[in-house]
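Visitor: Could you work out the structure for the sequence below:
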Amino acid sequence: GIAIPHGNPQFVRQPAISVIRLKKSILWGNNQKVNLLFVLALRMESKGGEIISAKRFYKKLAYLLDNDEECRLLAEIRDENEFCKYFNVM
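Guide: Sure thing, here's the model as predicted:
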């Protein structure tokens, strides 16, 4: 139930992560039901530690997508502070 639309890193001016939780699932890609979207605008440059935090985020996201229990925990997150704590980014 998770989709990850993202842009080309070379066009990212300001890195950002948006999470959208849908009240009703939509069909995405190969007719998969999705109710959580991670909209990513990340770059892998070394300015201000961005490369470290982007790699850490992608590593956590890959782990999450392979783990049903982690997906369940993510589904229970209700606000930005909980999300940042879960991903350890602020």
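Visitor: what stretches of this protein score poorly on pLDDT?
Guide: Scanning the chain for pLDDT under 70 picks out the ranges 45-53, 89-90.
Visitor: need the strands for it, in chain order.
Guide: Counting by DSSP state E, the chain has these strands, from start to end: 2-3, 16-28, 32-41.
Visitor: In CSV: those, plus mean neighbour count and distance to A62.
Guide: Where C-beta positions appear, they are placed from N, C-alpha and C, glycine not excepted. Putting the strands of the chain into CSV (neighbours: other Cβ atoms under 10 Å; distance: least, Cβ to Cβ, whole Å) gives the following:
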stretch, mean neighbour count, distance to A62
strand 2-3, 16, 12
strand 16-28, 11, 15
strand 32-41, 16, 12
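Visitor: Which one of the ones you listed lies nearest to N88?
Guide: strand 16-28 (12.7 Å; Cβ to Cβ).
Visitor: and that closest one, C-alpha only, in CSV?
Guide: In CSV, the C-alpha atoms belonging to strand 16-28 read as follows (Å, rounded to 0.1, in the frame of the first residue of the first chain):
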residue,chain,number,x,y,z
ALA,A,16,12.0,17.7,1.0
ILE,A,17,10.0,14.6,2.0
SER,A,18,6.2,14.7,2.0
VAL,A,19,4.1,11.9,3.2
ILE,A,20,0.5,11.6,2.1
ARG,A,21,-1.9,9.3,3.8
LEU,A,22,-5.1,8.8,1.7
LYS,A,23,-8.5,8.1,3.4
LYS,A,24,-9.3,5.8,0.5
SER,A,25,-6.9,3.7,-1.5
ILE,A,26,-6.1,4.4,-5.1
LEU,A,27,-4.8,2.2,-7.9
TRP,A,28,-1.1,2.8,-8.6
